[in-house]
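>>> Provided below are the primary sequence and the corresponding predicted coordinates.
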Amino acid sequence: MPVIKLTKSAIDKIPYTTCGQRLYLDSELKCFGLKVGKEVKTFVVQKDISGRSRTFTIGRYGVFTTDEARREAIEILAMVARGLDPKVEKERKRGLELTVKESYESYLENRSLADSTYKDYQRVFNTHFCDWLKRRLIDLDENRVRSRFLSISKSNSKNSASKSFAYLRAVFEYVKKRYPRSGIENPTSILSLENHWYVPPQRQRYIDLESLPNWYAGLTAIPNVAFRAYLLFILLTGLRRREAACLTWDCVDFDSTVFQILKTKNGHEHCLPMSDFIEKLLRTQYKKAKGKFVFPGKDKDKHIEEPKRAIMNVTKSTGVAFTVHDLRRTFATICDEVKLTKNDISALLNHQSNRDVTANYIITDLPRMRERMQTVSDFVFEKIAKKLRANHHGIEHEGWPRKTDLVEMIYQ
C-alpha cells in the first residue's frame, strides 16, 4: 500500500478507483490513512490489535479536513494505547451527548406508534419538557425528575404527570438499549421508589346482559344511522373504538366472510370471521355507506369519531350508561357467559399473553373462531329477540324477529 504525506493537495490528486478500495497511509502519523473508492475518499485508522487488523472510520474527506482527521486519528490511537475500544468509546460518547430532543425524536422514528400516540408524545415533550429539549439526556437526574413531576401534578394533574413521565421513561429505556455502553441510568425509577405514579382504578363497567334489549331499543332511536351500526358492530365483535372506526372496505372480504384489522393496539394484525348477524350488518352497511371507510363520518373520506352525544341520548332514554369501550367489555362478558375458554376469548379480543407460555403454543384456527363468533352473536340476538317477542305478542308472523329484521330496524 502506498505511503504519502496526507495533505489537501496530495489527496485531491489521488484518483478514484475503478473497482474496490485502495488504502493510502500517512508518512507522518503511523496507522493514519485514507481509503479511496470509486466515489468516496474516507479517513481511517488501521492498527493491529492483539494480532488482528482493526479499521476505525473517522469520516469522509470533505466533511473532515486533513487536520481535523489527523486530530481524530491521534485521539483514536490514544484510546487504543489506554486499552480502550474506539468503536465502543464512540458509541458511549454519542449516547452521552444526546439531547432530550434528539432522544425522543429517535425513539419516535424507530417505533411503530399509532398516529394519535405519536402526536401525543410530541405534545408532551413540547409542553411539559420544552425547557429540557436542548439539555443532554444524561443531565436529567432524580431531583429534576421528582421536582418536575410534582410541578405537573400541581399545575395539571397527577394523571397528566404520570403519563408524561411514562413517555420520558420509555425514551430513557430506548436510549439505554441503543447505547448500552453509555452508562445512562433511568432517573424516572425514583418515581416508583417513592410511589409517585398515579394508578387509575381499573374500569369494570359493562352493559348488564339483561339490559341488552333496552340498549338495542335506545340504539334504534339514535338519529344518525351510521352511529347505530357502528355501536352494534363493536358489541358483536369486541373491537376497540379506533379499530372499528378505521375499518375500510378493502379489509372486508364477503366471499370468505372475514374482515381484517391492520392497525391494532399490540401491533398484530387481527383477522375475524363474520357471524351471520355481522355479515348481514356489514352487507347492509355496504349498500348505505359511501367512501372507503365502513363507518364514515360526516365527510365520507374520514372515519366516524366517538359518538358521545348519541351515547348520551341512549343513556338518557334507557338508563343504560356505557362508553364505547364498555361494549368491548360486554363482548368479553358474553364470551364468558357462553362458556368460551380463556384462550378463545383472548384470541377474539386479540390479547397477547407474554406470561402464559403454554397459551402461545395454542393456535386458534379460523373455523373455530367463526363458531365462537356465531355463539356470541346468537346470544345477543336471542336476548334482544326474546324481549321483542314479549312486547309484540300479538304478531303472528312465525319466526319473528329474524336477525335480518334486527339489522333492518337499525337502518329504519
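Happy to help now that I have it.
>>> Pull the distance from stretch 182-189 to the chain's centre.
24 Å (Cα atoms, centre = their mean, to the nearest Å).
>>> could you pull out the strands for this protein?
Here the chain has its strands, by DSSP state E, at 3-4, 22-26, 32-36, 41-49, 52-60, 252-253, 258-261, 270-273.
>>> Using CSV, please lay out those together with mean pLDDT, distance to Ser147 and mean neighbour count.
Placement of C-beta: from N, CA and C, glycine included. Output for the strands of the chain, formatted as CSV (pLDDT from 0 to 100; distance: least, Cβ to Cβ, whole Å; neighbours: other Cβ atoms under 10 Å):
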stretch, mean pLDDT, distance to Ser147, mean neighbour count
strand 3-4, 90, 58, 14
strand 22-26, 93, 52, 17
strand 32-36, 94, 48, 22
strand 41-49, 90, 44, 18
strand 52-60, 89, 40, 14
strand 252-253, 95, 52, 16
strand 258-261, 94, 42, 19
strand 270-273, 93, 42, 19
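>>> Domains in this structure, by residue range?
When the chain is parsed with automatic domain parsing, its domains come out as 3-84, 100-193, 209-411.
>>> which ones are touching the residue nearest the centre of the chain?
Centroid-nearest residue in the chain, with Cα atoms, centre = their mean: Leu113, separated by 3.3 Å. By Cβ atoms under 8 Å, 6 or more residues apart in numbering, the residues touching Leu113 are Tyr121.
>>> Output the below-cut-off pLDDT ranges for this protein.
The chain contains residues with pLDDT under 70 at 202, 353-364, 392-399.
>>> Out of the domains of the chain, which gets nearest to Lys90?
Nearest to Lys90 among the domains of the chain is domain 3-84 (8.2 Å), distances taken as Cβ to Cβ.
>>> Distance from the closest one to the middle of the chain?
43 Å.
>>> on that earlier part again, please report phi then psi for the residue nearest to the centre of the chain.
phi -110, psi 150 (degrees, to the nearest 10).
>>> if I look at it, how far off is Leu34?
For Leu113, the distance to Leu34 equals 42 Å [Cβ to Cβ, to the nearest Å].
>>> From Met369, how far off is Ser346?
11 Å.
>>> same check, this time on His268
15 Å.
>>> Neighbour count: these two, which is higher?
Met369 (17 against 10; other Cβ atoms under 10 Å).
>>> Next, the contact list for that one, please.
272-273, 344, 347-348.
>>> For those residues, give me TSV that also has distance to Gly62.
Below are the contacts of Met369 laid out as TSV (distance: Cβ to Cβ, whole Å):
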residue	distance to Gly62
Leu272	56
Pro273	60
Asp344	62
Ala347	57
Leu348	59
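>>> which parts of the top helix by length along the chain are buried?
As assigned by DSSP state H, the longest helix anywhere in the chain is helix 366-391. Residues of helix 366-391 classed as buried: 369-370, 372-377, 379-381, 383-385, 387-388 (neighbour count, 16 or more other Cβ atoms under 10 Å).
>>> Select, out of the strands of the chain, the one closest to Arg92.
Nearest of the strands of the chain (Cβ to Cβ): strand 52-60, 14.4 Å.
>>> and the angle from the closest one to strand 22-26?
90 degrees (axes from the mean of the first three to the mean of the last three Cα atoms, to 10 degrees).
>>> which residues sit against strand 52-60?
40-48, 64, 69, 72-73, 76, 86-87.
>>> Pull it out as CSV, backbone CA atoms only.
Extracted C-alpha coordinates of strand 52-60, given in CSV (Å, rounded to 0.1, in the frame of the first residue of the first chain):
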residue,chain,number,x,y,z
ARG,A,52,-5.8,-8.7,14.3
SER,A,53,-6.1,-5.8,12.0
ARG,A,54,-8.8,-3.3,13.0
THR,A,55,-10.1,-0.4,11.0
PHE,A,56,-11.7,2.6,12.6
THR,A,57,-13.5,5.0,10.3
ILE,A,58,-13.1,8.8,11.0
GLY,A,59,-15.2,10.2,8.2
ARG,A,60,-15.3,11.4,4.6
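>>> Taking strand 32-36 as reference, get the angle to that strand.
Using the same axes, to 10 degrees, strand 52-60 lies at 70 degrees relative to strand 32-36.
>>> Note down every partner strand of strand 52-60 and its orientation.
The strands that strand 52-60 pairs with in its sheet are strand 41-49 (antiparallel) (by DSSP bridges).
>>> So what touches the strand it pairs with?
11, 14, 16, 23, 25, 31-35, 53-62, 64, 69, 72-73, 76-77, 80, 86.
>>> Find the nearest non-adjacent residue to Gly37, please.
Gln21 (4.7 Å; Cβ to Cβ, 6 or more residues apart in numbering).
>>> In contact with the one you found: list those residues for me.
35-37.
>>> I'd like those residues written out as CSV, with distance to Tyr216 added.
As requested, the contacts of Gln21 are exported to CSV (distance: Cβ to Cβ, whole Å):
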residue, distance to Tyr216
Lys35, 74
Val36, 76
Gly37, 71
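>>> residues near Tyr107, how many?
20.
>>> Now do Ala310 against Asn224, distance only.
Counting by Cβ to Cβ - Ala310 and Asn224 are separated by 6 Å.
>>> Who has more neighbours out of the two?
Neighbour comparison, Ala310 and Asn224: the larger count goes to Ala310, with 20 against 15 (by other Cβ under 10 Å).
>>> right, and that one touches Ala226 too?
No: if you go by Cβ atoms under 8 Å, Ala310 and Ala226 don't touch, sitting 9.7 Å apart.
>>> now the helices for the stretch 51-200 of the chain?
66-81, 86-97, 100-109, 115-127, 142-155, 158-178, 189-193 (DSSP state H, counting those that start in this stretch).
>>> which stretch among these comes nearest Arg203?
helix 158-178 (13.9 Å).
>>> my read: Arg92 touches Arg178, true?
No: contact between Arg92 and Arg178 fails when scored by Cβ under 8 Å: they sit 11.8 Å apart.
>>> Now do the closest residue to Ile304 other than its chain neighbours: how many residues are near it, please.
The shortest distance from Ile304 to any residue other than its chain neighbours is 4.2 Å, reached at Phe295 (Cβ to Cβ, 6+ apart). Residues near Phe295, counting by other Cβ under 10 Å, number 23.
>>> How about Gly183?
Around Gly183 there are 11 residues (other Cβ under 10 Å).
>>> and the closest residue to it other than its chain neighbours, what does it touch?
Nearest in space to Gly183, with sequence neighbours left out and distances taken as Cβ to Cβ, 6+ apart, is Arg92 at 7.0 Å. In this structure, Arg92 makes contact with 179, 181-183, judged by Cβ under 8 Å, 6+ apart.
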